[in-house]
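Chemist: sequence and predicted structure, then a few things I'm wondering about:
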Amino acid sequence: MEINKVGVLGCGLMGSGIAQTAAAAGCTVVVREVTEELCERGFSGIEKSLAKFAEKGSITPEQRDEIRGRITGTTGFEDLADCDIIIEAIVENLEAKRDTYNQLDAICKPETIFASNTSSLSITEMMTATRPERQARFVGLHFFNPVPLMKLVEVVRTILTDDAVYESAVEFAGKLGKVPVRAGDKSGFIVNRLLVPYLLDSIRALEEGVGSIVDIDNGMKLGCGHPMGPLTLLDFVGLDTTYYIAEIMFDEFREKRFAPPPLLKRMVKAGLYGRKSGRGFYDYADPKKPTPMSLV
Ligand code: 3HC
């Protein structure tokens, strides 16, 4: 099944990146947000990112405008009815996702594939919010931040996913210029299964006084060739997001390595979410020169 018209739910960091990437691959994209303001905010992020690609010469100014022109916004579900695939990137809340899928199931054409960008929630539990006919058309498509740059997509299947639907989703990830990896519906899939304990351990190392924020980051950046140290990456992903993911994974596996350390919880409660709130392990008052916070 060829995928040409893409619906995206949510125009935050991930949704806007997914919309941009699908439009850059030649798809027609409809993005649904709760309010027009949220749509506009997401679109301005897309425009900034496209401007960066155009400045670097990776796309021409004409291509920049064409890509932008393929994306429209809406606040209603009806505009997604004839999409070939719908990729959901809303808040990591199972009930909110189930409610959305339930409404869309009644509106969308029978062939529409339903995909979720969840990083840790169960695709199976989302799938059961739809009718049996739709359940075989459910997959996970987990993208990475920043979506326009990161090459990976985890393509997740449940025990009910139809083989042909799954292969269409794998093919679609390739059409977007991404490298698909195949993963089963287990919380965290492949990447977060390995990444989350590592990120949480970096916070534990800080709490235990093993090293300073800058030294822990430099250790992994310069010692292991990672593009960002773990504490910088936590600020980039969002401490609130990581906290919720860790809670979901701890709930699923009941293993200590997924338990959020007390410092992470305290920081989230204090509103230190990382880059998006201006402070996390670093203070981003000058975004070009983040300075480490005094936390322990
Ligand atoms: N759109 C277009 N261009 C962008 C961009 C965007 N959104 N973001 C950055 N760029 C460009 C910059 O303009 C810059 O261009 P230049 O080389 O011409 O100056 C180039 O990308 C590199 O950016 P920076 O100089 O700002 O910084 P870096 O060299 O460090 O690269 C990075 C940025 C690609 C984000 C790199 O640091 C990186 O790969 N970091 C790790 C990211 C990562 O691990 N992501 C996964 C997070 S986990 C996740 O998402 C899963 C979830 O479930 C938790």
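Modeler: Cool, the structure landed.
Chemist: the residue of the chain positioned farthest from its centre: what's it in contact with?
Modeler: What lies farthest from the middle of the chain is Gly209; by CA atoms, centre = their mean that is 31.6 Å. Shown in contact with Gly209 (CB atoms under 8 Å, 6 or more residues apart in numbering): Val296. For the C-beta atoms, the positions are set from N, CA and C on the backbone; glycine is no exception.
Chemist: so what's the residue count around Val91?
Modeler: 9 (other CB atoms under 10 Å).
Chemist: oops, could you answer that again for Glu88 instead?
Modeler: When neighbours are counted by other CB under 10 Å, Glu88 comes out with 25.
Chemist: now swap in Lys175 and tell me
Modeler: Neighbours around Lys175, by other CB under 10 Å: 15.
Chemist: pretty sure it is touching Ala25, no?
Modeler: Yes - when contacts are counted by CB atoms under 8 Å, Lys175 is listed as touching Ala25 (5.4 Å).
Chemist: quick one: common contacting residues for these two?
Modeler: Counting by CB under 8 Å, 6+ apart, nothing touches both Lys175 and Ala25.
Chemist: which element is the closest residue in space to Pro61 that isn't next to it in sequence on?
Modeler: Leaving out its chain neighbours, the residue that sits closest to Pro61 by CB to CB, 6 or more residues apart in numbering is Ala54, at 5.6 Å. Counting by DSSP states H and E, the element that carries Ala54 is helix 36-56.
Chemist: what's that helix packed up against?
Modeler: Contact here means 3 or more CB pairs under 8 Å, 6 or more residues apart in numbering; DSSP states H and E; on that basis helix 36-56 packs against helix 13-24, helix 61-69, strand 71-74.
Chemist: the helix or strand hosting Pro180: what's the following helix or strand?
Modeler: For Pro180, the element it lies in under DSSP H and E is strand 179-184. Per DSSP H and E, the first helix or strand lying C-terminal to strand 179-184 is helix 191-207.
Chemist: where do the helices sit along the stretch 101-250 of the chain?
Modeler: 123-127, 132-135, 163-175, 191-207, 213-224, 230-237, 239-253 (DSSP state H, counting those that start in this stretch).
Chemist: which of those sits most buried?
Modeler: Among those, helix 230-237 has the highest mean neighbour count (mean count of other CB atoms under 10 Å), at a mean of 24.
Chemist: need the contact partners of that one.
Modeler: Contacts for helix 230-237 (CB under 8 Å, 6+ apart): 145, 198-199, 201-203, 206, 213, 216-217, 220-221, 226, 228, 242, 274-275, 280-282, 284, 290.
Chemist: helix 213-224 and that one, what's the angle between them?
Modeler: Angle, helix 230-237 to helix 213-224, by axes from the mean of the first three to the mean of the last three CA atoms, to 10 degrees: 100 degrees.
Chemist: would helix 230-237 count as contacting the ligand?
Modeler: Yes - using CB under 6 Å from any ligand atom, helix 230-237 comes into contact with the ligand via 233, 237.
Chemist: could you export that helix as PDB, CA atoms only?
Modeler: Extracted in PDB, the C-alpha atoms of helix 230-237 (Å, rounded to 0.1, in the frame of the first residue of the first chain):
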ATOM      1  CA  PRO A 230      24.200  12.300  29.000                       C
ATOM      2  CA  LEU A 231      23.200  15.300  31.100                       C
ATOM      3  CA  THR A 232      23.200  17.600  28.100                       C
ATOM      4  CA  LEU A 233      21.100  14.900  26.300                       C
ATOM      5  CA  LEU A 234      18.700  14.800  29.200                       C
ATOM      6  CA  ASP A 235      18.200  18.600  29.000                       C
ATOM      7  CA  PHE A 236      17.700  18.200  25.200                       C
ATOM      8  CA  VAL A 237      15.100  15.400  25.500                       C
END
